[in-house]
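Participant: let me see the structure of the following:
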Amino acid sequence: MRIKTSIPVTINGQKFFSEDISEGGCLLNGVPEGAEVGKRLVLTVHFPEKELTLSATVRHITDGKTGVQFDEPIRGLTLLFQLKNTFNLASSFSEELVKLGKPKAKEAAKKVSSFFSALKTILVIFFLTTALFSLFQVQARQAKRRTLIHELEKKRGTKVITLIHRTETVGFLGIPVRQFIREEDAEAVLRQIRRVPKEKPIDLIIHTPGGMLLAAFQIASALKAHKGKVTVFVPHYAMSGGTLIALAADEIVMDRNAVLGPVDPQLIEGKSSVPAVAVMKIPDYKPWKDVDDQTVILYDQAKKALGQVKDMVRHLLRGKSESVIKSVIDRLVSGKTTHDYPLSFEDAKKLGLPVLDSMPEEVYRLLDLYGRN
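Facilitator: You can find the predicted model right below:
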């Protein structure tokens, strides 16, 4: 949901107005001092009956305006703001009828105005109460997660790190958000890896549809460089970038029904993605004289991307036999299947990957605390 009404926003004492605000971010009518793309800001959004302090990242600065993305979505508040405006308009309309109408119309309008005023108050109380209840639910669930993680760490003598992307709904006001591997994930996981003693084993529990190649490779490289044993647990799926991370592990523990996936690069073209391997086949279907300049550029990028990902996979599999490296690259990078094709436990085993099926019960219980897909 998006609100077009201007809402005051304060950043380090500077005052702005949000020209366009949603659960996930807003557009400011100016540029905060020192702001630049990728930089984090702390801003206070002044809703009519509530102030909310949020951390956010600058995503773009265009024509003197700044687009920011909230680190955590505003759950339910924009909906409350929208409903409040609706009831205010209805109440104002009724008040105008009182001024202009005949005696009977005045009486009816008064009743309508009173009804909407009372209903507005009830709904404000209801939504605020529900939002607080949702917050308590989240905190309780997070406490249970921490307890389970500590249990698993104690049982295995490891440091447990999670990279779990599930769409969570928080109470009645929950806003489902599709999650994937982002720069923020790389930052968080890398911080945790740095804090682990060099010889201490790491258990990474991963559940993801994939995401940014750079972020995934940063995490995978850090795991590969860790001197202690690294085990990646895949209870359900680790597709695309998730599979790239799994390749860095000394062991990959998979549920018998869990899947990995191809890591062939996808090129962003407009609002969609294009498989690099598909672009590489263009000369098979068209002579170069019939290919436009933009497609030639895309072909060049696809060729580079494929080479880069092959190098990444080779780097993560160093120490494995050359036959295993070649088979993994051939199956996962060369585009023999679609990008979302599932690689089963048995498929991974045949490729020579170090897969096991001894999944701890605590991992399943932990996934249950991350809401629904």
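
Participant: just the pLDDT at residue 86, thanks.
Facilitator: You'll see residue 86 listed with a pLDDT of 54.

Participant: now do the longest strand seen in the chain: everything it contacts.
Facilitator: Secondary structure of the chain read by DSSP state E shows that its longest strand is strand 50-62. With C-beta atoms under 8 Å, 6 or more residues apart in numbering as the test, strand 50-62 has contacts from 25, 31, 35-45, 66-72, 74, 77. C-beta: built from backbone N, CA, C; applies to glycine.

Participant: so which of those residues sit within strands?
Facilitator: Per DSSP E, those map to strands at 25, 40-45, 66-70.

Participant: tabulate the residues you listed (CSV), appending pLDDT.
Facilitator: Shown next, in CSV, are the ones in strands among the contacts of strand 50-62 (pLDDT from 0 to 100):
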residue, pLDDT
25, 84
40, 87
41, 90
42, 89
43, 90
44, 90
45, 86
66, 91
67, 90
68, 90
69, 88
70, 86
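
Participant: which of these are buried?
Facilitator: By neighbour count, with 16 or more other C-beta atoms under 10 Å, the ones in strands among the contacts of strand 50-62 hold 25, 41, 43, 45, 66-68, 70 as buried.

Participant: looking at these, spot the one nearest residue 249.
Facilitator: The shortest approach to residue 249 among these belongs to residue 70, at 32.7 Å (C-beta to C-beta).

Participant: I'd assumed residue 25 was in contact with that closest one.
Facilitator: Yes: under the criterion of C-beta atoms under 8 Å, residue 70 makes contact with residue 25 at 5.4 Å.

Participant: what residues of stretch 267-283 count as buried?
Facilitator: For stretch 267-283, by 16+ other C-beta under 10 Å, it's 267, 274-277, 279-280, 282.

Participant: same question, stretch 294-304
Facilitator: 298-299, 301-302.

Participant: widest-spaced pair of these?
Facilitator: Farthest pair in the buried residues of stretch 294-304, by C-beta to C-beta: 299 and 301, 7.4 Å.

Participant: can you check which residues contact both of those two?
Facilitator: residue 279.

Participant: keep only those of the buried residues of stretch 267-283 that are in helices.
Facilitator: Residues of the buried residues of stretch 267-283 located in helices (DSSP state H): 276-277, 279, 282.

Participant: now the helices for the stretch 251-373 of the chain?
Facilitator: Taking DSSP state H, counting those that start in this stretch, the helices of the stretch 251-373 of the chain run over residues 276-279, 282-285, 293-316, 322-332, 345-350, 361-368.

Participant: what's the most buried one of these?
Facilitator: helix 276-279 (a mean of 20; mean count of other C-beta atoms under 10 Å).

Participant: packing partners for that helix?
Facilitator: With contacts taken as 3 or more C-beta pairs under 8 Å, 6 or more residues apart in numbering; DSSP states H and E, helix 276-279 sits against strand 266-269, helix 293-316.

Participant: which residue comes closest to residue 317 once chain neighbours are left out?
Facilitator: residue 325 (4.9 Å; C-beta to C-beta, 6 or more residues apart in numbering).

Participant: let me fix that: residue 364
Facilitator: Nearest to residue 364 is residue 235, by C-beta to C-beta, 6+ apart, at 6.0 Å.

Participant: and the average pLDDT for the one helix or strand residue 20 maps to is what?
Facilitator: Element membership for residue 20, per DSSP states H and E: strand 14-22. Average pLDDT, strand 14-22: 85.

Participant: partners of that strand, with directions?
Facilitator: strand 2-3 (antiparallel), strand 7-11 (antiparallel), strand 25-28 (antiparallel) (DSSP bridges).

Participant: mind checking the pLDDT average for the first one?
Facilitator: If I follow you right, that is strand 2-3. The model assigns strand 2-3 a mean pLDDT of 49.

Participant: equivalent analysis for stretch 156-168, please.
Facilitator: Stretch 156-168 comes out with an average pLDDT of 86.

Participant: can I have it written out in PDB, keeping just the CAs?
Facilitator: Listed next in PDB are the C-alpha coordinates belonging to stretch 156-168 (Å, rounded to 0.1, in the frame of the first residue of the first chain):
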ATOM      1  CA  ARG A 156      27.200 -29.900  18.000                       C
ATOM      2  CA  GLY A 157      29.900 -27.700  19.500                       C
ATOM      3  CA  THR A 158      29.600 -25.200  16.700                       C
ATOM      4  CA  LYS A 159      28.600 -21.700  15.900                       C
ATOM      5  CA  VAL A 160      25.200 -21.700  14.200                       C
ATOM      6  CA  ILE A 161      24.500 -19.000  11.600                       C
ATOM      7  CA  THR A 162      21.100 -18.700   9.800                       C
ATOM      8  CA  LEU A 163      20.300 -17.500   6.300                       C
ATOM      9  CA  ILE A 164      16.500 -18.100   6.200                       C
ATOM     10  CA  HIS A 165      14.200 -16.400   3.800                       C
ATOM     11  CA  ARG A 166      10.600 -17.100   4.500                       C
ATOM     12  CA  THR A 167       7.700 -14.800   4.000                       C
ATOM     13  CA  GLU A 168       6.400 -14.000   7.500                       C
END
